[in-house]
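**Student:** how does the following fold in three dimensions:
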Amino acid sequence: MEKLFINSSAISKPVRKFLDTASLKVRLTVGIAAVTALGLGTLAVGTSMRMQQILISTHKENMKYVAERFPQDVAIYSEMIPLEKGAQRAIDSLSTPDRLIWIKKSDTNIVAQSKALEQQNIGKTLLSVKDVPLIPQIENINGSYWLMCAIHLKVKNQNLGKLYLAHNITQDQTTFLHLIRSLAIATIILITVMTTIIAVYIHRSMQPLKRISRLTSSISADKLDQAHINLDRAPTEVKELAETLEEMLIRLSEAWEHQRQLLSNVSHELRTPLTIISGYIQSTLRRGSNLTEIQTEALTTAASEAGRTVQLLQDLLDLARLDSNRMQFEPENVLLNDLLEEVVEMAKQYGEREINLALIPDLVAIKADNHRLKQVLLNLIDNALKYSEPDTPITVKLASSNNRAIIQVCDRGVGIPLQQQGRIFERFFRVDESRNRTGGTGLGLSIVKTLTEGMGGTISVRSEFDRGSTFTLSFPRSNF
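**Tutor:** As a prediction, this is how the structure comes out:
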């Protein structure tokens, strides 16, 4: 039973991506949102201060008017009555329910006061307030807001003490505070909405760049000439980037095509003379009965290396043809039961290794190139023979599942480390040299994968270190 392992880093990857401070999208969103918040916040604060200034200035003007008129009224009233009584009459005429006035000669000696100060609970508190400023200021007294000031009062060159003015602005101040609170909430909501709109707009504006990223990440070396980046509604700068990138891909495609052509030409030109050299060496070894032991060993080594080089050139030539789509497949109905028997017999002729064949009773047919499929199977069997001990058998299995034909080549060899299993089909990749005893070229499995996929199949590997490997080919079944 296969076990499912969940990588916690994969789960947190979207979160890290969303919070990536190096992301241009995040930087633009945060930057514009910060500027917007600063602008709206400054506007809200400025508006609040201006509103409070307008509110207070009106009351200050009234208090200034009362402060300037009061000595005159006292002087008028005091022409017929004593000065203190005249001050009381002036206070009575200028007092209102929201405007309270009193005169003090000392902290405890009250000369005159509004009658409301004797009746209201707030009176004792107001009369006990000390250090009242000359300039009107707001005081919070028991939850009520009062605009208060105190000025020196002199009438007919006689000092009466200090004139205290207190104006109740609780209703106006409460309304103002509610308005400020509403303005703050509206500002926060507006900043949130604008930030959301900005984030969505930036996200959409970044889509052309993401599309370019997706397109470029999906481009492989053999499909450079097919890469086209079409951005109809992208900004001008992004279109210029896309055009530059497409021009670069065209240049890379041309360079890649020149490289493949050079590889194909070199492989073709070198294969023929090396094949001739290998043939002469083999012929010399077969007929050279008078060769010394050293000469025989040298020629054997030369023949082996020549054969290995010829095989490498053949592999390179095959890859060049596959890359340039010059290798033609001739699909036909292939009966795998017979083909596997033939391939196993061919493999047995090259050595004395035990190769077992496990077939199912049913006939299994696929549509594939008979010659190329033999090449794939022989390559896999040869690979299994190279990477397993001489006394261990190789098993070739045929099965059918979900209307697909399954071919498996199993060995009990050294196995492939887990971290390298994903790369064994790469070109020129070879397993750790310390475990590589065959001197392979690193192209065989790459050719196998390319040929298999070219015939409409898939290939996969399952391996355990020091316990062997199983290569699995899967093809759609056909009616035979």
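
**Student:** in which helix or strand does residue 389 reside?
**Tutor:** Taking DSSP states H and E as the definition, one finds residue 389 inside no helix or strand.

**Student:** the nearest residue to it once chain neighbours are set aside: what secondary structure?
**Tutor:** Of all residues not flanking residue 389 in the chain, residue 413 sits nearest, at 6.9 Å (C-beta to C-beta, 6 or more residues apart in numbering). Glycine gets a C-beta too; all of them are placed from N, C-alpha and C. Using DSSP: H, G, I helix; E, B strand; the rest coil, the structure places residue 413 in coil.

**Student:** wait, isn't residue 413 in contact with residue 470?
**Tutor:** No: counting by C-beta atoms under 8 Å, residue 413 stays clear of residue 470, with 10.8 Å between them.

**Student:** and the residue nearest to residue 389, how far from residue 392?
**Tutor:** Remark: distance between residue 413 and residue 392 (C-beta to C-beta, to the nearest Å) = 7 Å.

**Student:** so which of these two has more stuff around it?
**Tutor:** residue 413 (21 against 14; other C-beta atoms under 10 Å).

**Student:** pLDDT at the more buried one, what is it?
**Tutor:** Residue 413 carries a pLDDT value of 85.

**Student:** now do the same for the residue in the chain sticking out farthest from the centre: helix, strand or coil?
**Tutor:** Residue farthest from the centre of the chain, counting by C-alpha atoms, centre = their mean, is residue 80 at 90.1 Å. What three-state DSSP gives for residue 80 is coil.

**Student:** check the offset of the helix or strand containing residue 447 from the chain's centre.
**Tutor:** In the assignment (DSSP H and E), residue 447 maps to helix 444-454. Helix 444-454 sits 34 Å away from the centroid of its parent chain (C-alpha atoms, centre = their mean, to the nearest Å).

**Student:** please name the bridge partners of residue 158.
**Tutor:** On the basis of DSSP bridges, residue 158 is bridged to residue 155.

**Student:** would you mind confirming that it is in contact with residue 83?
**Tutor:** Yes: the pair residue 158 / residue 83 is scored as a contact, 6.4 Å apart, by C-beta under 8 Å.

**Student:** which one of those two is surrounded by more residues?
**Tutor:** Each of residue 158 and residue 83 has its neighbours counted (other C-beta under 10 Å); residue 83 has more, 16 against 10.

**Student:** what's near enough to touch the more buried one?
**Tutor:** Counting by C-beta atoms under 8 Å, 6 or more residues apart in numbering, residue 83 makes contact with 74, 155-156, 158, 160.

**Student:** repeat that for 7 Å
**Tutor:** By C-beta atoms under 7 Å, 6 or more residues apart in numbering, the residues touching residue 83 are 155, 158, 160.

**Student:** reformat the residues you listed as TSV; add pLDDT.
**Tutor:** Output for the contacts of residue 83, formatted as TSV (pLDDT from 0 to 100):
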residue	pLDDT
155	85
158	83
160	84
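
**Student:** just name the closest of the residues you listed to residue 295, please.
**Tutor:** Of all these, residue 295 sits closest to residue 160, with 139.1 Å by C-beta to C-beta.
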